[in-house]
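Engineer: Mind looking at a prediction? Sequence and model below.
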Amino acid sequence: MLAPAPGDEEHAEVAIEAVEMIAAALAGYRLEGAALIHAVRMWRAACHGIATLQTAGGSGCRNRWTSTFGYLVDALDAEFCRMGAIG
């Protein structure tokens, strides 16, 4: 998801809805303010990175990206717990 061009209200509305959906999915971590913004950005970056690498043929390794994404989700979970202090 790219930032909407100035004046593109439809794109802006869809972008806001997407960010709100990610934030709602992270609600259990009790993240607020800057911590929530960073967590949403981290999730988006992780998903975008995996999708981009997988689409481009990955790293040439035989391992499936599914396993790597699982490790990434576990790492994000641990960090989101730390950020929300819900350990």
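Structural biologist: Done, it's in.

Engineer: going forward, measure contacts between C-alpha atoms and count neighbours the same way
Structural biologist: Will do.

Engineer: Quick one: residues contacting the spatially most central residue of the chain.
Structural biologist: Most central in the chain under CA atoms, centre = their mean is Trp43, positioned 1.6 Å from the mean C-alpha point. Listed by CA atoms under 8 Å, 6 or more residues apart in numbering, the contact set of Trp43 reads Leu76.

Engineer: in which helix or strand would I find it?
Structural biologist: helix 33-55 (DSSP states H and E).

Engineer: cool, Ala3 as well?
Structural biologist: Ala3 belongs to no helix or strand, assigned by DSSP H and E.

Engineer: pLDDT score for it?
Structural biologist: Per-residue pLDDT puts Ala3 at 81.

Engineer: Looks like it contacts Glu13 (just checking).
Structural biologist: No - counting by CA atoms under 8 Å, Ala3 sits too far from Glu13 to count as a contact (10.9 Å).

Engineer: Just the buried positions in the following helix or strand past the helix holding Trp43, please.
Structural biologist: Moving toward the C-terminus from helix 33-55, the next helix or strand (DSSP H and E) is helix 65-84. For helix 65-84, burial by neighbour count (16 or more other CA atoms under 10 Å) applies to Trp65, Phe69, Leu72, Leu76, Asp77, Phe80, Cys81, Met83, Gly84.

Engineer: With stretch 27-38 instead?
Structural biologist: Residues of stretch 27-38 classed as buried under the neighbour-count rule (16+ other CA under 10 Å) are Tyr29, Leu31, Leu36.

Engineer: Let me know the pLDDT of Trp43.
Structural biologist: So Trp43 comes in at 95 (pLDDT).

Engineer: Quickly note the distance from it to Gly33.
Structural biologist: Computed as CA to CA, to the nearest Å, the Trp43 to Gly33 distance reads 16 Å.

Engineer: Where does pLDDT dip in this structure?
Structural biologist: Scanning the chain for pLDDT under 70 picks out 1, 59-63, 86-87.
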